[in-house]
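1. need coordinates for the below:
(chains A and B)
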Amino acid sequence: MSVASSWLGSTSWTFSFILDKVRRVTIVVFAVHYRTHTCGDLNKDAIGQHVTLAGWVNRRRDHGGLVFLDIRDRYGVTQIICDPERSAEAHRIASEVRSEYVVQISGTVVPRLAGTENPKLSTGAIEVAAEHIEILNPSRTTPFPISDTIQVDESLRLKYRYLDLRRPSMLENMVLRHRVVKAMRDYFDERGFLEIETPILMKSTPEGARDYLVPSRLYAGEFYALPQSPQQLKQLLMVAGLDRYFQIARCFRDEDQRSDRQPEFTQLDVEMAFVAEEDVMLLIEELLIFLIEKTTQKHIKQIPFPRLRFSDVMGRYGTDHPDLRFDLPLVEISDLARAGTFGVFQGALAANGIVKGIRVPGAGGYSRKEIEELTEFARMLGAKGLVSLAISAVGELKSPLIKFMSHDEVQAIIDHMQGEAGDLLLFVADSAKVCNDVLFRLRGKLAERLKLIDPNEMALCWVVDFPLLHFDEEGQRYEAEHNPFSGMDEAHIGRLDTDPLHIRARQYDIICNGYEIGGGSVRINVAEIQQKVFSLMKLDDEQIKEQFGHMLEAFEYGAPPHGGIALGVDRLVMLLANEDSIREVIAFPKTQSATDLMMGAPSPVEEKQLQELHLSIRPEEKK
RNA sequence: GGAGCCGUGGUGUAGUGGUCUAACAUGUCUGCCUGUCACGCAGAAGAUCGCGGGUUCGAAUCCCGUCGGUUCCGCCA
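-> Residues are numbered from 1 along each chain as shown, chains lettered A, B, ... in the order given. Alright, predicted model coming up:
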């Protein structure tokens, strides 16, 4: 610092940068050591000023006599011109620097020569004529180029994440994420919500995902658990009368990873007292519209968000988290498929299965090879095959069905599917689960193939009317569809004793572009009902008391009606950023095998640490 | 736990049984170059083809195993 200030002087300086599309933030710095402006700061207004910049060498263009340096920081890129006639010393150092060196440059802002302006840069009208260059820190050649133009192996990116984050697209994602979270905080603050932190060291519970455990030093053989979500605590905050709570909460689940699942992830957690479904849904709907409009150029397909019943979306899309950017509905034709003598259909129906199809508009001319490809895809997902029915442009039919069904019977199926000339109809005959599963994936694949997806569209919907419980054959017990605290339709409470599978939960999931980005419910606030739900989940009284006694007890001290929701922040930002993986919007993500390639976690610890924690490692499991 | 895909100079790719003594681009290094902005030109260095085993007269290439990354199934209240 002393080096810099010795030739800079130090009164007060300001620099400003663009925070988002409308706001420009100006920072006043009173003791400048390193820079007077950022690399995105300077324009024609600054011509003639003596400035100092600091940043990374983005690129060096050495013309021998004249050297250009592009200096990059978070805010932009500024071209430095190093002319030996202005400073032989600066020119000499400029020819020594390499990519990613950290340098400090002082000089005079000058207009670029007519015709050499660069419209691609916000600073492209000017350049800084270098008078002094200081190498603050050199850099080895980076293991991959700091550029968005090529795709680098992900393990390399993760090992050198601090370099990966220098790439403009990653920087953009981090900025976007900040803006989304900031907007969330503003939104809830304006509506009277309190942001309250809940513990990270919590208690393990038998329900739900596998816990990450933290051994206790003070209590041999006992463990804390990292929270899977602050679910119970936020409900207890409602019992406490805090009324409106939110938190940007880190959550942990020790389960296998996916492109949209990390071992630790962030939820926007919300809970409100004295609310029904509508209150929560309207609040969140307004929030999402606000976020999308504030942080992206994307348009929302339908406002208000459509509300779909669980049973309907399962039937129409084969999943409870449909991508509504395109239609391509699944259509059941079991009744029509009963006609004729087609073995594939008859066999599936005889085995209590169903026959379901999808209409692929304009695909009637697909070659045998193309259809075979789709069939192979369906087989991979568990179908025995695909039955195709192609309708040519002039209405001729091509299908194995023709041999086994009358013309009218085939036509009835086509009509039911709303098939037209030039279409391809594809059918799966199997159990309802396989049909839905296969056609759900096929639907997504076809939408891609037919280019039905507008990347600028956000198709949001609510899914409601979930069953409260489903029966787990393996464990021979009921399990909560959402979580064990979800409330239920008042008229169905009696069914807890008689017909648990037909209780409608007061649950709502929010879906965006085929991703479940959140879910919540109006909760149970009556100890007796909560106790019954636990019993159906095959917890005995002792377990209930040990694991959830605090909840039941709390409900006996005036628990208000309450409800809430949790949104997956990583997934939401991923969608806003047009990324395919949440790793792209997490600064330091873990790999699919839950390791941190940069830090090398997890890692063995000293024997002494294990002893303090009263732990020993089973020898056969040591690596 | 299971299945698929990927792994070749620093990086991204090509090469799918035989002059492969491994090619191309980019990066790196050296030299030249005063208006470039993916600067240009000339030259050089740089790879036992993730690792181990097998098949073969011969393996980057085929097979098995293993490691790493990734996608999906199971799992994720």
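2. and residue A:65, that one's in a helix?
-> No: judged by DSSP: H, G, I helix; E, B strand; the rest coil, residue A:65 forms no part of a helix; its state is coil.
3. got the contact list for it?
-> residue A:84 (CB atoms under 8 Å, 6 or more residues apart in numbering). C-beta here means a position set from N, CA and C on the backbone, and glycine is covered the same way.
4. can you read off the pLDDT for it?
-> On pLDDT, residue A:65 comes in at 92.
5. swap in residue A:367?
-> Confidence score, pLDDT, at residue A:367: 86.
6. how many residues are close by it?
-> Residue A:367 has 8 neighbours, counted by other CB atoms under 10 Å.
7. now it, what are its backbone angles?
-> Dihedral pair for residue A:367: phi -70, psi 170, per degrees, to the nearest 10.
8. can you check residue A:521 too?
-> Note on residue A:521: its backbone torsions stand at phi -160, psi 160 [degrees, to the nearest 10].
9. if it is in a bridge, with which residues?
-> In this entry, residue A:521 is beta-bridged to residue A:507, residue A:564, by DSSP bridges.
10. that one against residue A:507, yeah?
-> Yes: the criterion here is CB atoms under 8 Å, and residue A:521 meets it with residue A:507 at 4.2 Å.
11. run the chain-centre distance for stretch A:47-56.
-> 39 Å (CA atoms, centre = their mean, to the nearest Å).
12. let me redo that: stretch A:139-148
-> 27 Å.
13. re earlier: any shared contact partners between residue A:521 and residue A:507?
-> In contact with both residue A:521 and residue A:507: A:482, A:486, using CB under 8 Å, 6+ apart.
14. can you show me the strands along the stretch 101-250 of chain A?
-> With strands called from DSSP state E, counting those that start in this stretch, the stretch 101-250 of chain A shows them at A:102-111, A:126-137, A:194-195, A:213-215, A:223-225, A:244-252.
15. in its sheet, which strands sit next to the fourth one, and in what direction?
-> According to DSSP bridges, strand A:213-215 has the following sheet partners: strand A:223-225 (antiparallel).
16. quick one: contacts of the partner strand?
-> A:201-205, A:211-216.
17. measure the residue in chain A sticking out farthest from the centre to RNA strand B for me?
-> For chain A, the residue at maximal distance from the C-alpha centroid (CA atoms, centre = their mean) is residue A:85, at 53.5 Å. According to CB to the nearest atom of the strand, to the nearest Å, residue A:85 stands 5 Å off from RNA strand B.
18. kindly state the pLDDT recorded for that residue?
-> Note on residue A:85: pLDDT of 94.
19. try residue A:11
-> Note on residue A:11: pLDDT of 54.
20. what's the average pLDDT for stretch A:372-388?
-> Here the average pLDDT along stretch A:372-388 is 86.
21. show me which positions of it end up buried.
-> Residues of stretch A:372-388 classed as buried by neighbour count (16 or more other CB atoms under 10 Å): A:374-375, A:377-378, A:383-384, A:386-388.
22. among those, which lie within helices?
-> A:374-375, A:377-378 (DSSP state H).
23. distance to RNA strand B and mean pLDDT added to the strands of the stretch 101-250 of chain A, as JSON lines?
-> Listed next are these as JSON lines, based on distance: least, CB to the nearest atom of the strand, whole Å; pLDDT from 0 to 100:
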{"stretch": "strand A:102-111", "distance to RNA strand B": "8", "mean pLDDT": "97"}
{"stretch": "strand A:126-137", "distance to RNA strand B": "5", "mean pLDDT": "96"}
{"stretch": "strand A:194-195", "distance to RNA strand B": "19", "mean pLDDT": "98"}
{"stretch": "strand A:213-215", "distance to RNA strand B": "16", "mean pLDDT": "97"}
{"stretch": "strand A:223-225", "distance to RNA strand B": "11", "mean pLDDT": "96"}
{"stretch": "strand A:244-252", "distance to RNA strand B": "8", "mean pLDDT": "98"}
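24. any chance of the ones you listed in TSV, with mean neighbour count too?
-> Below are the strands of the stretch 101-250 of chain A laid out as TSV (neighbours: other CB atoms under 10 Å):
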stretch	mean neighbour count
strand A:102-111	20
strand A:126-137	19
strand A:194-195	14
strand A:213-215	15
strand A:223-225	17
strand A:244-252	20
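25. close to RNA strand B, is stretch A:576-585?
-> Yes: applying CB under 7 Å from any atom of the strand, one finds stretch A:576-585 in contact with RNA strand B at A:580-581, A:583.
26. now the strands of the stretch 101-250 of chain A in TSV, with distance to residue A:317?
-> TSV is the format used below for those (distance: least, CB to CB, whole Å):
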stretch	distance to residue A:317
strand A:102-111	52
strand A:126-137	54
strand A:194-195	36
strand A:213-215	38
strand A:223-225	35
strand A:244-252	27
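27. looking at the stretch 451-600 of chain A, which residue is nearest RNA strand B?
-> residue A:592 (3.0 Å; CB to the nearest atom of the strand).
28. and what about that residue, helix, strand or coil?
-> What three-state DSSP gives for residue A:592 is coil.
29. just residue A:313 next, same as before
-> Look at residue A:313: counting by three-state DSSP, its state is helix.
30. what's the neighbour count on it?
-> Using other CB under 10 Å, residue A:313 has 21 other residues around it.
31. hmm, back to that, out of the buried residues of stretch A:372-388, which is nearest to RNA strand B?
-> residue A:377 (11.0 Å).
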